[in-house]
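> Sharing a sequence plus its predicted fold:
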Amino acid sequence: QVQLVESGGGLVQAGGSLRLSCAASGRTSGTYAMGWFRQAPGKEREFVAAAVRGDGSTYYAGSVKGRFTISRDNAKNAMYLQMNSLKPEDTGAYHCVAAGLTFLPGNYYAPSAYDYWGRGTQVTVSS
């Protein structure tokens, strides 16, 4: 089992920045891939970014590419999401996710590709 705890959310004005953190505990084999999904009220969950341990591959949603940067500290079993140039449409609950060695890179954008989910941290971007 893997437990994921997010932190770093908050209220920020459009154009501002936030840095989200995700702390993982439990089986490190369960964090081969880690990433972020977000969900706004009344909308479906949306893939944001993911990073794979080992080859260091990263994946981004088109809507955040160039503004958000995902990184990992494997020694600390932690993951970060640096969010710059935030927009009101970035508002939502951001959930940390993780997947074990059965992770298929071709499915990086699918919620079903991830085995573990955190409870989320709220990000609100005001216009």
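Nice, I can see it.
> who touches residue 13 in this structure?
125, 126 (Cβ atoms under 8 Å, 6 or more residues apart in numbering). C-beta here means a position set from N, CA and C on the backbone, and glycine is covered the same way.
> next one: residue 43
residue 92.
> And it, what's its pLDDT?
pLDDT recorded at residue 43 is 95.
> Kindly report the same for residue 86.
At residue 86, pLDDT is 98.
> If we ignore the residues flanking it in sequence, what's nearest it?
Spatial nearest neighbour of residue 86, excluding adjacent residues (Cβ to Cβ, 6 or more residues apart in numbering): residue 125 at 4.6 Å.
> Pretty sure that neighbour sits against residue 84.
No - Residue 125 is beyond contact range of residue 84, at 11.7 Å (criterion: Cβ atoms under 8 Å).
> These two - which one has more neighbours?
Shown here are residue 125 and residue 84; by other Cβ atoms under 10 Å, residue 125 has more neighbours (20 against 14).
> related to what we said a few turns ago, export only the CA atoms of the host helix or strand of the residue nearest to residue 86, formatted as PDB.
Using DSSP states H and E, residue 125 sits in strand 121-126. What follows is strand 121-126, C-alpha atoms only, in PDB (Å, rounded to 0.1, in the frame of the first residue of the first chain):
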ATOM      1  CA  THR A 121      -5.400  20.000  -2.100                       C
ATOM      2  CA  GLN A 122      -7.500  23.000  -3.300                       C
ATOM      3  CA  VAL A 123      -6.100  25.500  -5.700                       C
ATOM      4  CA  THR A 124      -8.200  28.600  -6.400                       C
ATOM      5  CA  VAL A 125      -7.100  31.200  -9.000                       C
ATOM      6  CA  SER A 126      -8.900  34.500  -8.900                       C
END
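> I'm done for today, thanks for sticking with me.
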